[in-house]
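K.L.:
I would like to see how this sequence folds:
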Amino acid sequence: MVFVGARNAPAGDFPNPPYTRVDKSPITREKPFLYVDDDGAYKVFVPEVRKDSTGTSWSSGTPKGESLPLSDFFIAKPDATAEEMNAALDAGKHLLITPGVYHLDAPLKVTRPDTVVLGLGLATLVPDNGVSAMNVADVDGVKLAGLLIDAGTENSDTLMEVGPEDSSANHADNPTSLHDVFFRVGGAGVGKASTSLVVNSSNVIGDHTWIWRADHGDGVGWDSNTADNGLVVNGDDVTMYGLFVEHYQKHQTTWNGEGGRTYFYQNEMPYDPPGQGAWMNGSTKGYAAYKVADSVKRHEAWGLGSYCFFNTNKSVTAEHAFEVPQSPDVRFHDMVTVSLGGTGTINHVINGTGGPSDANSNVANVTEYP
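P.N.:
You can find the predicted model right below:
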């Protein structure tokens, strides 16, 4: 458990008990929400950014932020098309997406700063014909919340792109943020996507993001719900809280940008490699669950766990769970690897340090690296 900016967090230190404490939350924005005001009008409240904060945003009075009237929103129902929603976005409207499954024949394009896209009841976006579900411009203050992006049957290169490839703007004062934004490849049926989430913009905040290649359900198999990477971060100074990435067939998370921070990371490696030969990164056995690019000089992460359960072929091995460059400002705190039921092996926790997790010793911990 990772407590970030939490007052009165429980005592004790990783690994026994498995608690990690960080005094302050460096930058946060709470999730936008629908409410009814004193006059009975529906509105959406958008909390403002907090920096170096402790405690809740609401315990000492009304939270700071902005209330938006529902008239500022296009209210989407499941028969809404990508064309209709994009027209509303182009006209300066926010999106309130009601519960349901939305099939998209083109990406939703968020191009205006401070746009809110709020899904209710895990509104589900399914990109058809290999398109992306959503592309966000490199602008200030976009808020995406309460969405499930469900891969379609034809492979998408990406399911969501936050900022185009050439993004370079600084958004430190008004970052884009993702809240309860989930991704699924397979599980409800065959789905395919090379990469689920690509973050090219800088200063993006992720607040509870679950990125999942299905390990059970419908349309599941090594050659069925194919998906290389869960998360790729190219922007600088990106911060993730509560990041879950599971079962992808290559690197689960690849971090290329400088100054990244992760507070709590949960990962399960793919259960289903048919053999070691099908799951090799060059001459290295398997793919790291969290890969920081060799060129990165600054990165820090707290409270990370990676688990293996190679039940298709118990002889499969991952060389390490976390792969990072040797730099004094690349620091990892409180890591665990686990071989669930001793089904498969993770040789090392981070680079060549720690481990193994295998049939003889299921759990391995590293408290500090380097």
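K.L.:
partners of the helix or strand hosting Ser194 in the sheet?
P.N.:
Using DSSP states H and E, Ser194 sits in strand 193-199. Strand pairing for strand 193-199, determined by DSSP bridges: strand 156-162 (parallel), strand 229-233 (parallel).
K.L.:
which element follows that strand toward the C-terminus?
P.N.:
Downstream of strand 193-199 (by DSSP H and E), the next one is strand 205-213.
K.L.:
now that next one against strand 193-199, angle please.
P.N.:
170 degrees (axes from the mean of the first three to the mean of the last three C-alpha atoms, to 10 degrees).
K.L.:
off-centre distance for strand 205-213?
P.N.:
In terms of C-alpha atoms, centre = their mean, to the nearest Å, the centre of strand 205-213 is found 3 Å from the chain centre.
K.L.:
same check, this time on stretch 152-167
P.N.:
Stretch 152-167 sits 14 Å away from the centroid of its parent chain (C-alpha atoms, centre = their mean).
K.L.:
stretch 211-225 too?
P.N.:
18 Å.
K.L.:
stretch 307-320 now?
P.N.:
On C-alpha atoms, centre = their mean, the centre of stretch 307-320 falls 23 Å from that of its chain.
K.L.:
list the buried ones in it?
P.N.:
307-310, 312-314, 316-320 (16 or more other C-beta atoms under 10 Å). In this view, the C-beta of every residue, glycine as well, is placed from N, C-alpha and C.
K.L.:
average pLDDT across it?
P.N.:
In this model, stretch 307-320 has an average pLDDT of 99.
K.L.:
return the alpha-carbon coordinates of that stretch using CSV.
P.N.:
Output of stretch 307-320 as CSV, limited to C-alpha atoms (Å, rounded to 0.1, in the frame of the first residue of the first chain):
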residue,chain,number,x,y,z
TYR,A,307,3.7,-10.9,-10.6
CYS,A,308,4.1,-13.9,-12.8
PHE,A,309,1.8,-16.8,-13.4
PHE,A,310,3.0,-18.6,-16.5
ASN,A,311,0.3,-21.3,-16.4
THR,A,312,0.5,-22.1,-20.1
ASN,A,313,4.1,-23.1,-19.8
LYS,A,314,5.7,-23.1,-16.3
SER,A,315,9.2,-23.1,-17.7
VAL,A,316,8.9,-19.6,-19.0
THR,A,317,11.2,-17.1,-17.3
ALA,A,318,11.4,-13.3,-17.1
GLU,A,319,14.9,-12.0,-16.5
HIS,A,320,13.7,-9.0,-14.5
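K.L.:
and the contacts of that stretch?
P.N.:
For stretch 307-320, the surrounding residues in contact (C-beta atoms under 8 Å, 6 or more residues apart in numbering) are 222, 267-269, 271-276, 279, 284-289, 337-341, 343-352, 355, 357.
K.L.:
select only the buried ones of these in ChimeraX?
P.N.:
Those of the contacts of stretch 307-320 that count as buried under 16+ other C-beta under 10 Å are selected in ChimeraX with:
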select :222,267,268,269,271,272,273,279,285,286,287,288,289,337,338,339,343,344,345,346,347,348,349,350,351,355,357
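K.L.:
sort out for me which of the contacts of stretch 307-320 are in strands.
P.N.:
267-268, 284-285, 337-339, 345-350 (DSSP state E).
K.L.:
nearest to Ser25, of those?
P.N.:
Nearest to Ser25 out of these is Asn267 (C-beta to C-beta; 22.3 Å).
K.L.:
who's in contact with the closest one?
P.N.:
Counted by C-beta under 8 Å, 6+ apart, Asn267 has contacts 244-246, 252-253, 289-290, 304-307, 321.
K.L.:
repeat the analysis, applying 7 Å as the threshold.
P.N.:
Residues in contact with Asn267 (C-beta atoms under 7 Å, 6 or more residues apart in numbering) are 245-246, 252, 289-290, 305-307.
K.L.:
one more: Gly141?
P.N.:
113-114, 174, 176.
K.L.:
out of these, which are buried?
P.N.:
Buried by 16+ other C-beta under 10 Å: 174, 176, out of the contacts of Gly141.
K.L.:
okay, the contacts of Gly141 in a markdown table with distance to Lys24, secondary structure and pLDDT next?
P.N.:
Below are those laid out as a markdown table (distance: C-beta to C-beta, whole Å; DSSP: H, G, I helix; E, B strand; the rest coil; pLDDT from 0 to 100):
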| residue | distance to Lys24 | secondary structure | pLDDT |
| --- | --- | --- | --- |
| Pro113 | 27 | coil | 99 |
| Asp114 | 26 | coil | 99 |
| Asn174 | 20 | coil | 98 |
| Thr176 | 22 | coil | 99 |
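K.L.:
make a markdown table out of the contacts of Gly141 and add distance to Arg331.
P.N.:
Shown next, in a markdown table, are these (distance: C-beta to C-beta, whole Å):
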| residue | distance to Arg331 |
| --- | --- |
| Pro113 | 33 |
| Asp114 | 34 |
| Asn174 | 28 |
| Thr176 | 26 |
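K.L.:
beta-bridge partners for the most centrally placed residue in the chain, please?
P.N.:
Residue closest to the average C-alpha location in the chain (C-alpha atoms, centre = their mean): Thr209, at 3.8 Å. Here Thr209 sits in beta bridges with Val181, Leu243, as judged by DSSP bridges.
K.L.:
can you tell me how far it is from Met240?
P.N.:
7 Å (C-beta to C-beta, to the nearest Å).
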